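In: Attaching a predicted model along with its sequence, questions to come.
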Amino acid sequence: MSADDTLGRLADVIAARRGADPDRSYVARLFSRGEDAMLKKVGEEATEFVMAAKDAARDAAAAPRLVAETADLWFHTLIVLAAHGLGPDAVLAELRRREGLSGLEEFARRGAAPATQAAPDPEARERPPR
């Protein structure tokens, strides 16, 4: 596996464009609209990522769209990180910290429930018994 500094270079571009003219830079426009606009965009991109993953599960020809939606999601999360004075190095350091831990061990350290443990169904009480 080869590693490059694409995320770092992208973070540098985001930093450079942050204060640019919002009429000429998409990144500057998001920063000018504030964090809520950035977070809304991350939510939209996350939804598009999920839909692309579901499509790719049914049809391998949809894999390029999944990759493209992943890139969009990563890009927009980098913008939110930059708004908080963070960059990809912080996330990569966290991933390195977790390397070698089992997912269940990591969940236990954080006091979080594993993803395989289903959350209670809020509609379960409203359904009649079968």
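Out: Here it is on my side, so go on.
In: Against residue 74, how distant is residue 56?
Out: The gap separating residue 56 from residue 74 is 17 Å, by Cβ to Cβ, to the nearest Å. No exception for glycine: its C-beta is placed from N, CA and C like everyone else's.
In: I'd say residue 19 and residue 25 touch.
Out: No - Residue 19 sits out of contact with residue 25 when judged by Cβ atoms under 8 Å, with a separation of 9.1 Å.
In: more neighbours, the two?
Out: Regarding residue 19 and residue 25, a neighbour count based on other Cβ atoms under 10 Å identifies residue 25 as having more, with 18 against 12.
In: Any figure for the gap between the nearest residue to the more buried one once chain neighbours are set aside and residue 109?
Out: Closest residue to residue 25 apart from its sequence neighbours, by Cβ to Cβ, 6 or more residues apart in numbering: residue 17 at 4.6 Å. Noted for residue 17: a distance of 37 Å to residue 109, by Cβ to Cβ.
In: Which one's more surrounded, those two?
Out: A direct count of neighbours by other Cβ under 10 Å for residue 17 and residue 109 places residue 17 higher, at 20 against 10.
In: Now do the contacts for the residue nearest to residue 25.
Out: Contacts for residue 17 were tallied using Cβ atoms under 8 Å, 6 or more residues apart in numbering; they are 25, 27, 28.
In: For the lengthiest helix in the chain, name the packing helices and strands.
Out: Taking DSSP state H as the criterion, the chain has its longest helix at helix 35-58. Judged by 3 or more Cβ pairs under 8 Å, 6 or more residues apart in numbering; DSSP states H and E, helix 35-58 is in contact with helix 26-33, helix 63-83.
In: Any figure for the gap between residue 64 and residue 80?
Out: 25 Å.
In: higher neighbour count, these two?
Out: Comparing residue 64 with residue 80 by neighbour count (other Cβ under 10 Å), the higher total belongs to residue 80, at 15 against 11.
In: How about the contacts made by the spatially closest residue to the more buried one that is not a sequence neighbour?
Out: Counting by Cβ to Cβ, 6+ apart, residue 38 is the residue found nearest to residue 80 once chain neighbours are left out, at 5.1 Å. Taking Cβ under 8 Å, 6+ apart, we find residue 38 in contact with 30, 31, 76, 79, 80, 83.
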